[in-house]
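Visitor: Structure for the following, please:
(2 chains)
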There are 2 protein chains.
Amino acid sequence: MTEFELIARIGQLFAGVPRNDFEEPGDDCTVLGIGGSESLLFTADLLTEGIHFLRNTTPPYELGRKALAVNLSDVAAMGGRSVATLLSVALPPDVSDEWTEAFLRGYRDLSAEEGVMLAGGDTTSSRHDITVNVTVVGRAADHCIKRRSDARAGDAIVVAGPLGASGAGLCDLLAGNLDTPNARIHNAPAAQTAEGLWLGERTEVHAMTDLSDGLASDLRHIAEQSHVGATVDLERIPIAPGSDLVTALTGGEDYKLLFTAAPEALPALCRAFESRFGRPLYPIGTVTEAEDDTIVWLDRGRRVETDWRGYEHNA
Amino acid sequence: MTEFELIARIGQLFAGVPRNDFEEPGDDCTVLGIGGSESLLFTADLLTEGIHFLRNTTPPYELGRKALAVNLSDVAAMGGRSVATLLSVALPPDVSDEWTEAFLRGYRDLSAEEGVMLAGGDTTSSRHDITVNVTVVGRAADHCIKRRSDARAGDAIVVAGPLGASGAGLCDLLAGNLDTPNARIHNAPAAQTAEGLWLGERTEVHAMTDLSDGLASDLRHIAEQSHVGATVDLERIPIAPGSDLVTALTGGEDYKLLFTAAPEALPALCRAFESRFGRPLYPIGTVTEAEDDTIVWLDRGRRVETDWRGYEHNA
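Guide: Numbering: from 1, shown residues only, chains lettered A, B, ... in the order given. Okay, here's the model as predicted:
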């Protein structure tokens, strides 16, 4: 069973179970309305050694930050604020106290920087591998919540930062270059939490997600769930220093926000974002009416045939 | 670092992080008030192969049920109702599709029986071991929430079912006897969810927890957090068929409820419980004023010296 088949099977099995006021899945987080025009957001990610990281290329402090950041990014992608986490760690006998201490400090430091409390979890031993599961609870005003399903034909497609640094950093790490700028970004990516909250408050922002699997894959999720297509101008994709176009499209783990916005409001949105954050937004394409979630990739106006898919391990 | 040292270290590191309306830890779940006299409850448990279960002694269907049940028990122990879970699974390459399907069916069947929906999670591959993390979200009326810290001197100490079946079942499994009644209880324990909700509504019930680590350990948690002592009459401890007193006290994983209750209300409480559930409650001792959480074990009135501790892997 592939991971996509597994997720589909889980969906089938749970189709008949009552939802207890929780919304349907299909977004970065699952939403629970709690009254007072407010909702809670829930998401979880599991990282395990040898699949998501290597002990000799990701230092423990950075891993502690990363395990949290990838979840904070999911809450930010819906316009919410992370308020609490549950942290489960399984540690094999060959992990030192120093490793554990550094991991916890990384997790704690990012928690403190983001104002996120620790609401529980589990600590156990394991036989072979380090495994970390983080569940994040977020909070959002109902009118700020952004979903993948709200893209409209004619919307501009926008990314909130340059892409491909994490993928290039992974190549650096695997080549033994552990201390390059991109390797550091891969090991401890920053979630766009302030940006997500700010974009959440803007009614001209329609659909939003974070780029965890790569633009080619994550944009497809928006297209599928909004029943639209998309056209992307490859020459407008912002490529991080030291990366390249294919890595920017397919590398995954960049954790930049991807959203669609009303085209008439785009210039003012871009100016306000740059004024607030000191960095630009990058419009890269247009949402189209195609109902079969077709994504057309244009290279200076010429259609490019491709089978680009995002990185799928973390779906 | 032992697991208790690790938990203490985590507590130190997070002491300064704002709590965002979540209560302090120290109970089976962490509580978040959401207004309207209601709260949400959060808990997580990680199970990993070779530590918490063996693939050749716990069938996948039972493991699916157990991974959920141990968390449902934590919510029940606070008087709450489980409403949603997040399920993360890491599966190594040698796990068959049949194994995965049976595991998911077990998890789904207990979810459906208990009316608990699936709010998210993660699915990934792993190198060596099966790892499962379950986070449960519960809901409770504020006035029904029971805590470990509410025991009062003079309270009766009560368990809601016979003890030691799971520990005896583990011995059966390790001896290769996979199909005994106690082995089945060990592999797929039942959480006392209806009993927890019912006890939560009773004001005469003061402190409550579930017996996950064994009576000797879990009663100590109540004593510590309530700043009281306890006297237990060993001959009143209900021992499950096929088990023995030491296993009943220290075996762990029984997932029966342990609570304290106002002594004057005890006879009526016991009658009402038996009338509702068709099974008795078992008063086993008394909460005392000792402020140093001393637990006195009496064998027909004679004090027994012991260093009994609960099973600590799952603290």
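Visitor: secondary structure class for whatever residue of the stretch 151-300 of chain A ends up closest to chain B?
Guide: Nearest residue of the stretch 151-300 of chain A to chain B, counting by Cβ to the nearest Cβ: A:Ser212, 11.2 Å away. C-betas here are computed from N, CA, C, even on glycine. In three-state terms, and counting by DSSP: H, G, I helix; E, B strand; the rest coil, A:Ser212 is coil.
Visitor: Domains in chain A, by residue range?
Guide: As assigned by automatic domain parsing, chain A contains the domains A:21-144, A:148-304.
Visitor: As a markdown table, the ones you listed with mean pLDDT, distance to B:Thr135 and mean neighbour count would be great.
Guide: Compiled in a markdown table, the domains of chain A are given as follows (pLDDT from 0 to 100; distance: least, Cβ to Cβ, whole Å; neighbours: other Cβ atoms under 10 Å in any protein chain shown):
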| stretch | mean pLDDT | distance to B:Thr135 | mean neighbour count |
| --- | --- | --- | --- |
| domain A:21-144 | 96 | 4 | 22 |
| domain A:148-304 | 95 | 19 | 19 |
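Visitor: Which positions in the stretch 101-250 of chain A make contact with chain B?
Guide: Selection of the stretch 101-250 of chain A residues close to chain B by Cβ under 8 Å from any Cβ of the partner chain yields A:101, A:104-105, A:108, A:111-112, A:115-129, A:131, A:133, A:135, A:137.
Visitor: Save the domains of chain A as CSV, and put in distance to B:Leu173 too.
Guide: Shown next, in CSV, are the domains of chain A (distance: least, Cβ to Cβ, whole Å):
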stretch, distance to B:Leu173
domain A:21-144, 18
domain A:148-304, 40
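Visitor: Any idea which of those domains gets closest to B:Ile185?
Guide: domain A:21-144 (21.6 Å; Cβ to Cβ).
Visitor: just the strands in chain A please.
Guide: Ranges of strands in chain A, per DSSP state E, are A:30-35, A:38-48, A:81-91, A:117-125, A:131-141, A:156-159, A:205-210, A:229-233, A:257-261, A:282-288, A:295-299, A:302-304.
Visitor: who wins for proximity to B:Gly242 among those strands?
Guide: Of all these, strand A:117-125 comes closest under Cβ to Cβ, at 27.6 Å.
Visitor: residue nearest the centroid of chain A?
Guide: By Cα atoms, centre = their mean, the mean C-alpha position of chain A lies nearest to A:Asp210, the distance being 3.5 Å.
Visitor: thought it was touching A:Glu253?
Guide: No - A:Asp210 is beyond contact range of A:Glu253, at 10.1 Å (criterion: Cβ atoms under 8 Å).
Visitor: I'd like the distance between A:Glu5 and B:Leu104.
Guide: Taking Cβ to Cβ, to the nearest Å as the measure, A:Glu5 falls 12 Å from B:Leu104.
Visitor: A:Ile237 too?
Guide: Counting by Cβ to Cβ - A:Ile237 and B:Leu104 are separated by 38 Å.
Visitor: same check, this time on A:Asn71
Guide: For A:Asn71, the distance to B:Leu104 - Cβ to Cβ - is 23 Å.
Visitor: Equivalent analysis for A:Val136, please.
Guide: Taking Cβ to Cβ, one finds A:Val136 at 24 Å from B:Leu104.
Visitor: Next: A:Leu211.
Guide: According to Cβ to Cβ, A:Leu211 and B:Leu104 sit 29 Å apart.
Visitor: do the same with A:Leu54
Guide: From A:Leu54 to B:Leu104 the distance is 29 Å (Cβ to Cβ).
Visitor: and what of A:Asp109?
Guide: From A:Asp109 to B:Leu104 the distance is 37 Å (Cβ to Cβ).
Visitor: on that earlier part again, B:Leu219: which of the domains of chain A is closest?
Guide: Nearest of these (Cβ to Cβ): domain A:21-144, 21.4 Å.
Visitor: Give me the distance between that closest one and the centre of its chain.
Guide: 12 Å (Cα atoms, centre = their mean, to the nearest Å).
Visitor: what's the span of it, first residue to last?
Guide: 19 Å (Cα to Cα, to the nearest Å).
Visitor: Next: stretch A:237-244.
Guide: Taking Cα to Cα, stretch A:237-244 runs 10 Å from one end to the other.
Visitor: same check, this time on stretch A:54-67
Guide: End-to-end for stretch A:54-67, by Cα to Cα: 13 Å.
Visitor: close to chain B, is it?
Guide: No - using Cβ under 8 Å from any Cβ, stretch A:54-67 stays clear of chain B, coming no nearer than 10.3 Å.
Visitor: how far away is A:Asp129 from B:Leu6?
Guide: A:Asp129 is 17 Å from B:Leu6, by Cβ to Cβ.
Visitor: follow-up on the earlier one: switch the strands of chain A over to TSV; also include distance to A:Val246.
Guide: Shown next, in TSV, are the strands of chain A (distance: least, Cβ to Cβ, whole Å):
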stretch	distance to A:Val246
strand A:30-35	32
strand A:38-48	25
strand A:81-91	32
strand A:117-125	38
strand A:131-141	30
strand A:156-159	16
strand A:205-210	20
strand A:229-233	14
strand A:257-261	17
strand A:282-288	15
strand A:295-299	11
strand A:302-304	11
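Visitor: of all those strands, which lies closest to B:Cys171?
Guide: Closest of the strands of chain A to B:Cys171 is strand A:117-125, at 21.0 Å (criterion: Cβ to Cβ).
Visitor: just to revisit the earlier point, for B:Gly50, find the nearest of the strands of chain A.
Guide: Of the strands of chain A, nearest to B:Gly50 by Cβ to Cβ is strand A:117-125, at 9.2 Å.
Visitor: Can you give the strand pairings for the closest one, parallel or anti for each?
Guide: strand A:81-91 (parallel) (DSSP bridges).
Visitor: how big is the angle separating the strand it pairs with from strand A:38-48?
Guide: 30 degrees (axes from the mean of the first three to the mean of the last three Cα atoms, to 10 degrees).
Visitor: Using PDB, list the CA coordinates for strand A:81-91.
Guide: C-alpha atoms of strand A:81-91 as PDB (Å, rounded to 0.1, in the frame of the first residue of the first chain):
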ATOM      1  CA  ARG A  81      -2.200  30.900  15.700                       C
ATOM      2  CA  SER A  82      -0.600  27.800  17.300                       C
ATOM      3  CA  VAL A  83      -1.300  27.700  21.100                       C
ATOM      4  CA  ALA A  84      -0.300  24.300  22.300                       C
ATOM      5  CA  THR A  85       1.500  21.100  21.300                       C
ATOM      6  CA  LEU A  86       1.600  17.400  22.500                       C
ATOM      7  CA  LEU A  87       5.100  16.000  22.000                       C
ATOM      8  CA  SER A  88       5.800  12.200  21.900                       C
ATOM      9  CA  VAL A  89       9.400  11.000  21.600                       C
ATOM     10  CA  ALA A  90      10.700   7.500  21.400                       C
ATOM     11  CA  LEU A  91      14.500   7.300  22.000                       C
END
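Visitor: what angle do that strand and strand A:131-141 make?
Guide: Here strand A:81-91 points in a direction 170 degrees away from that of strand A:131-141 (the same axes, to 10 degrees).
Visitor: For A:Ser37, grab phi and psi.
Guide: Dihedral angles of A:Ser37 (phi, psi; degrees, to the nearest 10) stand at phi 60, psi 30.
Visitor: So the nearest residue to it once chain neighbours are set aside versus chain B, what's the distance?
Guide: Excluding its sequence neighbours, the residue lying closest to A:Ser37 (Cβ to Cβ, 6 or more residues apart in numbering or on different chains) is A:Asp142, at 4.9 Å. Look at A:Asp142 and chain B: by Cβ to the nearest Cβ, to the nearest Å, they are 14 Å apart.
Visitor: for chain A, what spans make up the helices?
Guide: A:3-13, A:60-76, A:97-114, A:165-174, A:181-187, A:193-200, A:215-226, A:245-250, A:266-277 (DSSP state H).
Visitor: Any chance of JSON lines for these, columns distance to A:Glu305?
Guide: Shown next, in JSON lines, are those (distance: least, Cβ to Cβ, whole Å):
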{"stretch": "helix A:3-13", "distance to A:Glu305": "23"}
{"stretch": "helix A:60-76", "distance to A:Glu305": "31"}
{"stretch": "helix A:97-114", "distance to A:Glu305": "41"}
{"stretch": "helix A:165-174", "distance to A:Glu305": "22"}
{"stretch": "helix A:181-187", "distance to A:Glu305": "29"}
{"stretch": "helix A:193-200", "distance to A:Glu305": "33"}
{"stretch": "helix A:215-226", "distance to A:Glu305": "13"}
{"stretch": "helix A:245-250", "distance to A:Glu305": "14"}
{"stretch": "helix A:266-277", "distance to A:Glu305": "29"}
